[in-house]
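Got a predicted structure here, sequence first:
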Amino acid sequence: MNIQEYISSGITESYVLGLASDEERREFEKICAQYPEVLQARIAFELALEKQALENAINPTTELKDRIFERIGSTGKIVPLQDTSIKNTQPGALLWLKYAAAACVVLLAGSLYMNITLSNKNKKLKGSYDNTLAELNEVKKDIRVLQQNPNIKMASMKGMDISPKSYATVYWDTASHDVYLLANNLPAPPNDKQYQLWALLDGKPIDLGMLNYDLKQKKLLVRMKNAQGAEAFAITLENKGGNPTPQGAMYVMGKL
Amino acid sequence: MLQQRNEKAFSYLYDNYSGALYGIVNAVVTDKEVANDVLQNVFINIWRKIESYDASKGRLFTWMLNIARNAAIDELRSKGYNNALKNISLPEINEIEGAVTGPAIDDVGLKKVIGKLKGELRVLVDMSYFQGFTHEEIARSLDIPLGTVKTRIRSALTQLRTMIQ
């Protein structure tokens, strides 16, 4: 094929202006992919046409823009509208094109619906992920503060016979006397009960506060009451609100 | 970015190209209100179909221009397509040289450029591009061979190219 002849045959313009038949379009696209000079000719004509059209632009009113963007909406919702962009160029293909267009609209509607549903799901997941990440970062920060603080002493509290798998950790700042509790693993208490943390000094228990066992708002690391001195820590299961001295069963205990 | 239906990008697209597309719509449909409706449909279609735009097949503007032209022609056809055919009288076609009074051609944009084409070619391009008749329809209504319609339109288009470049 003589490419120069092909280029100057008017097919390029016919293709760009949308006047070529389906067969001519297919052929042109194939040749365009093969011969850079055809592609160049196409782009050159497209640019000339674009320039020409921009120079002869007729600006619509601003009301029209508002109207259009109102129809489009911010979510890309489907607007019931007659499909206008598929034009019949071959009379015999009209019916087929109509069905194809209808199918396209249905597919588009389905795809948009999926799009919106998935995007909403995605947003929810993203939200819960962000929350989790924020919590995790907070805990990491707390732990880093604790680890970097040379005054921090740690007591690993192991499960007692009543609940061997239970496990909790106390971080105690010997300088500021702050106490942090990490409830690694404690069974959910009955509704009328609550865990209570104790410091043990000279064999006497000192109340360090109640542990709110709320699954939804469970913070991993909880600040408890300050302890002036301690040799060991322990957690017991007490009636809600706690007791001045331990009455219930001891779940975990650990020495400093 | 556009293909992700970014509304800001779409707004930018509108600001830059609505005038050019409105120009082509107005060249096809003459009624202002109808042209407004068509332009609205054009942009809604662009918004909805942006994912199907294939950059390997042409520039974005070309794609939008064809959507605009097709939408305008569909509108035109829905309003008395058969009448339009009858309105073109044969004597105009037979004048090959010199100025002719063809179908009403406005003094703007691409229509103005096409107005510079010689009589017969101008009629053929106008029928084909601005009125959306297929080559077959033109051949039938003007009673000239299909091959002739095709070659003359092609020839008119190459002239058109030199005019706008």
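Everything's here; your move.

would you list every one of the helices in chain B?
All helices of chain B, identified by DSSP state H, fall at B:7-28, B:32-49, B:60-78, B:81-86, B:90-94, B:109-115, B:119-125, B:135-142, B:146-164.

for those, which one sits closest to residue A:174?
Set against residue A:174 and scored by CB to CB, the helices of chain B come closest in helix B:7-28, at 56.8 Å. From N, CA and C alone the C-beta is placed, and that goes for glycine too.

Please point out which parts of the closest one sit buried.
Residues of helix B:7-28 classed as buried: B:10, B:13-14, B:17-28 (neighbour count, 16 or more other CB atoms under 10 Å in any protein chain shown).

quick one, phi psi at residue A:170?
phi -110, psi 130 (degrees, to the nearest 10).

so how many other residues sit close to the nearest residue to residue A:19 once chain neighbours are set aside?
Spatially, and ignoring its direct neighbours in sequence, residue A:19 is nearest to residue B:128 (5.7 Å; CB to CB, 6 or more residues apart in numbering or on different chains). Residue B:128: 24 surrounding residues under other CB atoms under 10 Å in any protein chain shown.

for the one 3 residues further on, same thing?
Here the neighbour count serves as a burial measure; for residue B:131 (other CB under 10 Å) it reads 20.

Make sure it is actually in contact with residue B:74.
No: counting by CB atoms under 8 Å, residue B:131 does not reach residue B:74; the two are 11.7 Å apart.

follow-up on the earlier one: just give me the closest of the buried residues of helix B:7-28 to chain A.
The nearest member of those to chain A, counting by CB to the nearest CB, is residue B:19 at 2.9 Å.

Next one, pLDDT for the closest residue to the closest one other than its chain neighbours please.
The shortest distance from residue B:19 to any non-neighbouring residue, by CB to CB, 6+ apart, is to residue A:57 (2.9 Å). For residue A:57, the pLDDT comes out at 88.

Is residue A:57 part of a helix or strand, or is it coil?
Three-state call for residue A:57 (DSSP: H, G, I helix; E, B strand; the rest coil): coil.

Just want to check the distance between it and residue A:71.
Look at residue A:57 and residue A:71: by CB to CB, to the nearest Å, they are 22 Å apart.

rewinding a little: out of the helices of chain B, which gets the lowest mean score?
Looking at the helices of chain B, the bottom one is helix B:90-94 with a mean of 42.

Run a quick neighbour tally on the closest residue in space to residue A:151 that isn't next to it in sequence.
Distances taken as CB to CB, 6+ apart place residue A:175 nearest to residue A:151, at 4.1 Å, with adjacent residues excluded. Here the number of neighbours of residue A:175 (other CB under 10 Å) works out to 9.

likewise residue A:53?
Neighbours of residue A:53 using other CB under 10 Å come to 24.

cool, the one 3 residues further on as well?
Neighbours of residue A:56 under the rule other CB under 10 Å: 19.

Not counting its neighbours along the chain, what's nearest it?
Residue A:56 sits nearest to residue B:109 (CB to CB, 6+ apart), 3.5 Å away.

Same question for residue A:183.
Looking at residue A:183 with CB to CB, 6+ apart, the closest residue is residue A:168, at 5.1 Å.

name the helices or strands packed onto the helix or strand encompassing that neighbour?
Secondary structure from DSSP states H and E places residue A:168 in strand A:167-173. The contact analysis (3 or more CB pairs under 8 Å, 6 or more residues apart in numbering or on different chains; DSSP states H and E) places strand A:167-173 against strand A:152-159, strand A:179-185, strand A:232-239, strand A:250-255.

Point out the most buried one among those.
strand A:232-239 (a mean of 22; mean count of other CB atoms under 10 Å in any protein chain shown).

looking at it, residue A:184 is touching residue A:159, isn't it?
No: when contacts are counted by CB under 8 Å, residue A:184 is not listed as touching residue A:159 (10.1 Å).

tell me, what's touching those two both at once?
Between them, residue A:184 and residue A:159 share these contacting residues under CB atoms under 8 Å, 6 or more residues apart in numbering or on different chains: residue A:167.
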